[in-house]
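[1] Need a 3D model of the following:
(chains A and B)
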Amino acid sequence: MAEFSAEVFQNEFLSEGATDVHAIVTVTARGAGQAGAATSGGGVAEIIMVDTSGSMSGRNMESAKYAAQVAVDQILDGTWFAIVGGSHVAQRAFPYPNARVAMVQMEPAAREEAKRAIAMMSPSGGTAMSTWLQLAAQLFDTVPQAAQRHAILLTDGKNESEPRENLSQVVRNVTGKFQCDARGVGSRWQVDELREISTALLGTVDLIADPSEIAADFSSLIQKSMSRGVASADLRVWAPQGAQVLFVRQVAPTVEDLTTRRAVVNPLTGSYPTGSWGDESRDYHVAVRVASKPVGSEQLAARVQLAVNGEVVSSGLVKAKWSDDGSLTTRINPEVAHYTGQAELASAIQEGLAAKAAGDEATATVKLGRAVQLAAETGNDEATSRLRKVVEIESEEQGTVRLKRNTDKLDEMALDTASTKTTRVKR
Amino acid sequence: MSAQESASGLLAPCATCGEVPAPGARFCENCGSAVGPGAEAGDGPPILARPPVPALPPLTLPPPPPDLKPTDPDSGAVPPPPPPPPAARRPCTSCGGAVADDGYCEQCGEKAQVERDHWAERPAPWVAGVCDRGIRHARNEDAMALAASGDPVTAGRFAALVVCDGVSAAPDSDVASLAAARAARDVLASGGPDGATPVTGDVTERIQAWQTLMVTASTTANDAVLVAVGDKAERAEPPSCTFVAAVVDGPLIVAGWVGDSRAYWIPDAGTARQLSVDDSWAHELMAMGTPRHVAENAPQAHAITRWLGPDSTDPAARCAPTVPDTSGWLLVCSDGLWNYCSAADDLAHLVRSTEATTGREPQALATELVRWANAQGGRDNITATLARFEALPAATTSDNLHTDAVTGAEPATRAL
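    Residues are numbered from 1 along each chain as shown, chains lettered A, B, ... in the order given. Sure thing, here's the model as predicted:
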């Protein structure tokens, strides 16, 4: 059985009249085991969605098919699975469309048959990803016994065959039904479309520059999914009566704002879905506004807990102590500062690139300059090197940059997709 | 090594029921309360270190003598008390909500009160006290111990009120104060009508006997501190505390003290008096003619010149007897209360106006006095103990003597 622990990093001392309490809570899981191994009455389901639109013709399609076959090899026996081909409509490729069951459990013969089915996929038509997600949700619905549901979505192009709102609507509809990692191959897909999917469906978004890299990526995604022994967990945040939760944000390994995903546990406690867990640790930034109390008072500002199957498995206490000792109250907690910077870095990159795409060079220069400054301050060397491909850095410290001319579209997309990846605090 | 281990075998009795816990115990065997200050003491870094007291405008004050003990909380560091979760959990004192396993209220987040932080004693319907952490201090280093018997309107009445204020500047003084208060209370109770060696004789003889017993009480309390603090006595700032006690024995009251915790006589009408005389730098300044408000706000005002503890040079209580001829209140308290209301007349006004709303039930009155001090800022631990003193019919004091005639070696009540 997985063991969870929570560690709190904060400066609990508030000056007289101060109200806002910030803390970083690191939640760590150990001994999670293999997917499906420990889940009580659960089971695991996996769906691979491959773009089969006309644009995929040629190397992309062949690489994607090979990657899907490699992925099938990685799916553990006993896992419910299906393969979906997607264009402006979605079609189940395996189990075959005429099969009476929507998903089957993996076993050697099914694995061979699935690979044959994948080999027969061929590109044609447009792209309407909402239909893919909708079909995946329908397929997952047929295996209610599978508590842990994961999908991979691969595309190479823009979601051009439907209004954007269609996609958003379906994303909202299927949120909470399964987790989904989204991958774009090449430079003709839209980062914001895939990010919307992966963010809502508690997955990751990434760029695959060359089709030859798809197989390795799929392989690692499936392995990761298969190593998540905890099907589903929720972050719970309790705040005292009269207090206000300003935000709840995952800050590592990636920045994800969870604030609006709150579900009510009780009037003082909110629950935020975190999906499945393997042996890993994730950091959360919680900010709570409490009523100020007299100097010398102490109170609990938040309980930050992880709950599995509705049971709290680990708890961190965020405290507030009012003091008139300036040497205590002015102390800046390094974890809070680090992740505050990293969250701002992510939005500076995204806003900078959006401004650049819109032709607003002045805003782009300021935002990306700020991003360079924040990446340097927080020691995010990977972000710095990605930024270097898009801007000429004059001064990291000042955050002064010039936009590069004729940048590679792939470099901008790489910077964009990786913008939410954070580095940990160096301790 | 935790503070508890270092004090193993020397734990203070349970603050709730007085049971002496087994070495290593965190909760009382008898009543389940979290046990004693040792259980919550820590050697961690200071969390409420205060900035130095701002300097006052230059005063023409003589330099303080070198053997002062700084007690001002603002000059000392208070180590953090990681509190054990209370065993018998009481509802939140702030909102009445349930207290969670983590020691905080499930509704408002208020830190659950541990017994040592706030408790009340009421040994008889006419005698009660409340001891409270206050607001600013991380732990309660005040302590009290009360004993009483008899009826307030009979000559056989007896009460002993002891208050000790741990020196905040010296860590673990909460251990010292509780040990001292209880040891002194037991000595004084031994002279009561139910004690092993009841004090007898006429008023003059009894005053002499009580003064002797009061000195025994304070020196025994000093010995108890030494036992309770164990090897912490070797520290540069060993745990230490003040001492003030008052005994009601029939028609007479005898007060005794070491340090600046106080005993007051507050008649229902007429002039109130501070029975004790502070062993403090502020008082020495006043004795030299400095006005009270200047002296009590002087930089070292709270430095005491005598105390109980390993480095005490003079633990013998000075005493002041009095034989009131009217009804009123005997108030024995720590500076957490009198800091906000130092002059006897002001304190009398506070007690009388509070009594007007709470009535004569002493625990309600003490609770309200503590609440009032917290409302003033609660800068220090607060202890208020009270005995209701009714003037006895003349017949029962047939051997009465004038107070003035019997104030013994120390004419303390007139020193102010």
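
[2] tell me the contacts of the residue nearest the centre of chain B?
    Per C-alpha atoms, centre = their mean, the C-alpha nearest to the average position across chain B is that of B:Val163, at 2.1 Å. Taking C-beta atoms under 8 Å, 6 or more residues apart in numbering or on different chains as the contact definition, B:Val163 lies against B:129, B:142-144, B:181, B:243-245, B:261, B:332-334, B:383, B:385. Yep, even glycine has a C-beta here, placed from its N, CA and C like the rest.

[3] buried subset of those?
    Buried by 16 or more other C-beta atoms under 10 Å in any protein chain shown: B:129, B:142-144, B:181, B:243-245, B:261, B:332-334, B:383, B:385, out of the contacts of B:Val163.

[4] so which two of the contacts of B:Val163 are the farthest from each other?
    For those, the maximum inter-member distance is 15.0 Å, found between B:Gly129 and B:Phe243 (C-beta to C-beta).

[5] Number of residues surrounding B:Val277?
    When neighbours are counted by other C-beta atoms under 10 Å in any protein chain shown, B:Val277 registers 21.

[6] looking at it, it is touching B:His283, isn't it?
    Yes. Contact criterion C-beta atoms under 8 Å: B:Val277 and B:His283 qualify, at 6.6 Å.

[7] Let's see the lowest-mean-pLDDT helix or strand in chain A as PDB, backbone CA atoms only.
    In chain A, the helix or strand scored least confidently by mean pLDDT, DSSP states H and E is helix A:326-329, which has a mean of 92. What follows is helix A:326-329, C-alpha atoms only, in PDB (Å, rounded to 0.1, in the frame of the first residue of the first chain):
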ATOM      1  CA  GLY A 326      10.600  42.200  12.500                       C
ATOM      2  CA  SER A 327      13.400  39.700  12.100                       C
ATOM      3  CA  LEU A 328      10.900  36.900  12.100                       C
ATOM      4  CA  THR A 329       8.000  38.500  10.100                       C
END
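
[8] which SS state does B:Ala169 fall under?
    At B:Ala169, secondary structure determined by DSSP: H, G, I helix; E, B strand; the rest coil is coil.

[9] wouldn't it be in contact with B:Pro238 here?
    No. Using C-beta under 8 Å, B:Ala169 is not in contact with B:Pro238; the gap is 11.0 Å.

[10] For the stretch 301-427 of chain A, what lies in contact range of chain B?
    If contacts are counted using C-beta under 8 Å from any C-beta of the partner chain, the residues of the stretch 301-427 of chain A sitting beside chain B are A:301, A:303, A:315, A:317, A:321, A:323-328.

[11] Derive a ChimeraX selection command for the buried subset of these.
    One line in ChimeraX is enough to select the buried members of these, burial here meaning 16+ other C-beta under 10 Å:
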select /A:301,303,315,317,321,323,324,325,328
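
[12] How about the closest residue to chain A within the stretch 201-350 of chain B, nearest residue that isn't a chain neighbour?
    The nearest approach of the stretch 201-350 of chain B to chain A comes at B:Gly336, 12.4 Å away (C-beta to the nearest C-beta). Using C-beta to C-beta, 6 or more residues apart in numbering or on different chains and skipping the chain neighbours, the partner closest in space to B:Gly336 is B:Ile382 (3.4 Å).

[13] Kindly provide the distance from that neighbour to chain A.
    B:Ile382 is 13 Å from chain A, where distance means C-beta to the nearest C-beta, to the nearest Å.

[14] what about that residue, neighbour count?
    The burial count assigned to B:Ile382 is 33, neighbours taken as other C-beta under 10 Å.

[15] B:Asn374 now?
    Counted with other C-beta under 10 Å, residues neighbouring B:Asn374 total 19.

[16] ok, it - contacts?
    Under the criterion of C-beta under 8 Å, 6+ apart, the contact list for B:Asn374 reads B:132, B:134-135, B:382.

[17] In three-state terms, label it for me.
    With three-state DSSP as the basis, the three-state label of B:Asn374 is helix.

[18] which bits of chain A sit near chain B?
    Within reach of chain B by C-beta under 8 Å from any C-beta, chain A has these residues: A:13, A:239-243, A:268, A:290, A:294-301, A:303, A:315, A:317, A:321, A:323-328.

[19] how about a cut-off of 6 Å?
    A:240-241, A:294, A:296, A:298-300, A:317, A:325 (C-beta under 6 Å from any C-beta of the partner chain).

[20] how close does B:Val294 get to B:Leu285?
    In this structure, B:Val294 and B:Leu285 are 8 Å apart, going by C-beta to C-beta, to the nearest Å.

[21] More neighbours: the two, which one.
    For B:Val294 versus B:Leu285, neighbours defined as other C-beta under 10 Å are more numerous around B:Leu285 (22 against 15).

[22] Quickly find the element holding that one.
    Take DSSP states H and E as the rule and B:Leu285 turns out to sit in helix B:281-287.

[23] if you skip the residues just before and after it, what's nearest to A:Val21?
    Excluding its sequence neighbours, the residue lying closest to A:Val21 (C-beta to C-beta, 6+ apart) is A:Ala301, at 4.0 Å.

[24] So that neighbour lies in a strand, does it not?
    Yes. If the criterion is three-state DSSP, then A:Ala301 is within a strand.

[25] Which pLDDT value does the model give it?
    Listed pLDDT for A:Ala301 reads 97.

[26] Could you do the one 4 residues further on as well?
    If you check A:Gln305, the pLDDT there is 97.

[27] now it, what's its secondary structure?
    Three-state assignment for A:Gln305 (three-state DSSP): strand.

[28] Name all residues that make contact with it.
    Shown here is A:Gln305, whose contacts under the criterion C-beta atoms under 6 Å, 6 or more residues apart in numbering or on different chains are A:236, A:312, A:315.

[29] If you count residues, where's the longest helix of the chain?
    I'll assume chain A. Longest helix of chain A, by residue count under DSSP state H: helix A:334-357.

[30] My question was about chain B, not that one.
    Longest helix in chain B, counting residues (DSSP H): helix B:203-229.

[31] Now the terminal residues of stretch B:247-261, how far apart.
    Terminal residues of stretch B:247-261 lie 15 Å apart, using C-alpha to C-alpha, to the nearest Å.

[32] cool, stretch A:291-307 as well?
    Taking C-alpha to C-alpha as the measure, stretch A:291-307 stretches 28 Å from start to finish.

[33] hang on, the earlier thing: and the residue nearest to A:Val21, how far is that from B:Thr271?
    For A:Ala301, the distance to B:Thr271 equals 50 Å [C-beta to C-beta].

[34] got the angle for the helix or strand containing B:Ala181 vs helix B:203-229?
    When secondary structure is defined by DSSP H and E, B:Ala181 falls within helix B:173-190. Relative orientation of helix B:173-190 with respect to helix B:203-229: 150 degrees, computed using axes from the mean of the first three to the mean of the last three C-alpha atoms, to 10 degrees.

[35] What are the contacting residues of helix B:173-190?
    Residues from elsewhere that reach helix B:173-190, judged by C-beta under 6 Å, 6+ apart: B:12, B:37-38, B:139, B:141, B:143-145, B:147, B:160, B:162, B:164, B:166-167, B:195-197, B:216-217, B:220-221, B:224-225, B:228-229, B:239-241, B:245, B:247, B:308-309.
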